[in-house]
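1. Sequence first, predicted model second:
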Amino acid sequence: MVADPVLLQAVAELFPNGISRYAVGGLLVGLGTVVIYVGTGIPAGASTFLESTLSYVSDQSRFQRYVGSRDWRLVFTAGIVLGALAFAATVQSGVVTTSLYEPGTTGQLYEVAGVTLWTTDVQPWRLFLGGILVGIGTRVGKGCTSGHGVCGVGSASKTSLAGVATFLTVAIGTAQVVAALGVSP
Amino acid sequence: MSDDRHPLFKPLVFVGGLIFGFGLGFSHMARPEVVVNFLLFEDLGLPFVMFGAAIVSGIAFALLPRIRDAAPLTGSPYERRLKPFDRNVLVGGAVFGVGWGLSGICPGAAYASLGVGNVTILWALGGMFVGAYAQGYWRSRSEARDAAPAGAD
C-alpha cells in the first residue's frame, strides 16, 4: 500500500464523489433484488412494469401477456418510489448522516414539509425524447439496467452481457455527441 | 406462475422495492446528471452500482438452488431464467442506449427519481410509456399478421 500522490490525484479526478455512495447504493439495489428472489424465485426487472401497466388500459396482445404479473409489478414500482422517498426524508434531508454518503452538487434542492427534495436541471425535451427511446429499446431489447444489468449479469447470462455491452457503448457515444453539440444540462 | 399467491407475496415484493429504491436514491442513480457525468467519463462511480448489485444478486442466484429447490412464497424453482438471444437484444439495446445517453435515466431510476422529489422526471416517465406503447402496438399487430406464435419469451 503505497500512497503515491500522483495516483491518488488521478483516482480523485476519476471519482470526484468517491465510490462509497455508489458501492453502498449498489449493495442495496442487489439486496432488494435478492429479497424478492429468495421469497419468490423471480429475478425482478424494472422495465416490464411499463408494458404490464399498459395492460390495464390496452387490449393489445403484447401487453395482455403481462396480466398475471401486473399487480405485483405495480407494488414493486410503488416500493421503489417510496424507498427513494425514504432516502430523501433521511439521508438527503440530513436527518441521518454517514461518511459513506457524498451529497454532490447536481440539480436543485428544495424543501417540502421539512423533507429535502431534489429536482434535475436536465432539460425536459432530453428527458421526454430519451424516455421514448428507453421505452422502446428496453422492451424490444428484453431488459434494462436492472433486468439485464443486475439480474442478467448476476446470472452470467450471455444474452444480458451482450445487451449491457450494447446499451453501455451506445449510451457513452450518444452522451459524448450530445455534449459535443453543446447541449447542457 | 398462477395468480393464487401467498399472502406475503406482495408485502415481500414491496419490501424488496423499498430497499431497491433507497439504494437507487443513495447511489444518485436517480439523478440524470450523475449518469450523464459517468457517460462523459467525468465520474466513474456508476459501475460500482450496477456491478455491485449484480455481484450481490449473483451470489444469491448461485447459492439458493443448492440450499432449497423452490421459493417459499410461489413454489417456483430457483432456476436461471435465461432470455433467448436474438437480433432484438442488440437492436433494442442500441435504441435504449441512445435514450439513456440522451436523458441519463433508465426505468428503475426514473421511478426512484420521482421518489426523491424530481417532478421533472415525469417527462421521462411519460416518454417511456409512449415508447413502450408504440413498440407494443406495432409488435402486437405484426404478431397478429404473422398469425404464428413468435416463440418463447
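-> Arrived safely, thanks for sending.
2. ok, the biggest helix by length in chain B near chain A or not?
-> Looking across chain B with DSSP state H, the single longest helix is helix B:122-146. Yes - Helix B:122-146 is in contact with chain A by Cβ under 8 Å from any Cβ of the partner chain, via B:123-137, B:139-140, B:143-144. Where you see a C-beta, it was placed from the backbone N, CA and C, and this is true even at glycine.
3. Below-threshold pLDDT in chain A: ranges please.
-> Along chain A, the parts satisfying pLDDT under 70 run over A:1-2.
4. correction: chain B
-> For chain B, the stretches with pLDDT under 70 are B:1-4, B:147-153.
5. any chance you could map the helices in it?
-> Assigned helices in chain B, in chain order: B:9-26, B:32-39, B:46-67, B:87-103, B:107-115, B:122-146 (criterion: DSSP H).
6. Turn these into JSON lines, columns for distance to A:Val140 and mean neighbour count.
-> Output for those, formatted as JSON lines (distance: least, Cβ to Cβ, whole Å; neighbours: other Cβ atoms under 10 Å in any protein chain shown):
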{"stretch": "helix B:9-26", "distance to A:Val140": "24", "mean neighbour count": "26"}
{"stretch": "helix B:32-39", "distance to A:Val140": "21", "mean neighbour count": "24"}
{"stretch": "helix B:46-67", "distance to A:Val140": "21", "mean neighbour count": "20"}
{"stretch": "helix B:87-103", "distance to A:Val140": "3", "mean neighbour count": "25"}
{"stretch": "helix B:107-115", "distance to A:Val140": "14", "mean neighbour count": "30"}
{"stretch": "helix B:122-146", "distance to A:Val140": "6", "mean neighbour count": "19"}
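7. Can you redo the ones you listed as JSON lines, where the extra columns are distance to A:Gln108?
-> Below are these laid out as JSON lines (distance: least, Cβ to Cβ, whole Å):
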{"stretch": "helix B:9-26", "distance to A:Gln108": "16"}
{"stretch": "helix B:32-39", "distance to A:Gln108": "11"}
{"stretch": "helix B:46-67", "distance to A:Gln108": "22"}
{"stretch": "helix B:87-103", "distance to A:Gln108": "18"}
{"stretch": "helix B:107-115", "distance to A:Gln108": "13"}
{"stretch": "helix B:122-146", "distance to A:Gln108": "16"}
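8. what's the closest of the ones you listed to A:Gly149?
-> A:Gly149 sits nearest to helix B:46-67 of all those, at 4.7 Å, using Cβ to Cβ.
9. From the contact counts, what lies against the closest one?
-> Contacts defined by 3 or more Cβ pairs under 8 Å, 6 or more residues apart in numbering or on different chains; DSSP states H and E place helix B:46-67 against helix A:20-40, helix A:153-154, helix B:32-39.
10. mind putting those helices in a markdown table, distance to A:Val91 included?
-> Converted to a markdown table, the helices and strands packed on helix B:46-67 look like this (distance: least, Cβ to Cβ, whole Å):
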| stretch | distance to A:Val91 |
| --- | --- |
| helix A:20-40 | 9 |
| helix A:153-154 | 26 |
| helix B:32-39 | 15 |
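11. among these, which is nearest B:Ala71?
-> Of all the helices and strands packed on helix B:46-67, helix A:20-40 sits nearest to B:Ala71, with 5.1 Å by Cβ to Cβ.
12. Is that closest one positioned near chain B?
-> Yes - using Cβ under 8 Å from any Cβ, helix A:20-40 reaches chain B at A:21-40.
13. Provide a list of residues in contact with A:Pro185.
-> A:Thr120, A:Asp121, A:Val122, A:Gln123, B:Glu33, B:Val36 (Cβ atoms under 8 Å, 6 or more residues apart in numbering or on different chains).
14. what's the closest non-adjacent residue to residue 103?
-> Answering for chain A, as no chain was given. Nearest residue to A:Pro103, sequence neighbours excluded (Cβ to Cβ, 6 or more residues apart in numbering or on different chains): A:Gln92, at 7.7 Å.
15. ah, I was thinking of chain B
-> A:Gly130 (2.5 Å).
16. what about the one you found, how many residues close to it?
-> As a burial measure, A:Gly130 scores 30 neighbours (other Cβ atoms under 10 Å in any protein chain shown).
17. can you check the one 10 residues further on too?
-> If you count neighbours by other Cβ under 10 Å, A:Val140 ends up with 23.
18. you'd agree it is up against B:Gly136?
-> No - contact criterion Cβ atoms under 8 Å: A:Val140 and B:Gly136 do not qualify, at 9.8 Å.
19. on that earlier part again, of the helices and strands packed on helix B:46-67, which is nearest B:Phe48?
-> helix A:20-40 (3.8 Å).
20. pull the CA atoms of the helix or strand just after the closest one into PDB?
-> Later in the chain than helix A:20-40, the nearest helix or strand by DSSP states H and E is helix A:48-54. Below are the C-alpha coordinates for helix A:48-54, written out as PDB (Å, rounded to 0.1, in the frame of the first residue of the first chain):
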ATOM      1  CA  THR A  48     -41.600  -4.700 -17.700                       C
ATOM      2  CA  PHE A  49     -43.700  -2.500 -15.400                       C
ATOM      3  CA  LEU A  50     -44.100  -0.200 -18.400                       C
ATOM      4  CA  GLU A  51     -45.900  -2.900 -20.500                       C
ATOM      5  CA  SER A  52     -47.600  -4.700 -17.700                       C
ATOM      6  CA  THR A  53     -49.200  -1.400 -16.500                       C
ATOM      7  CA  LEU A  54     -50.400  -0.700 -20.100                       C
END
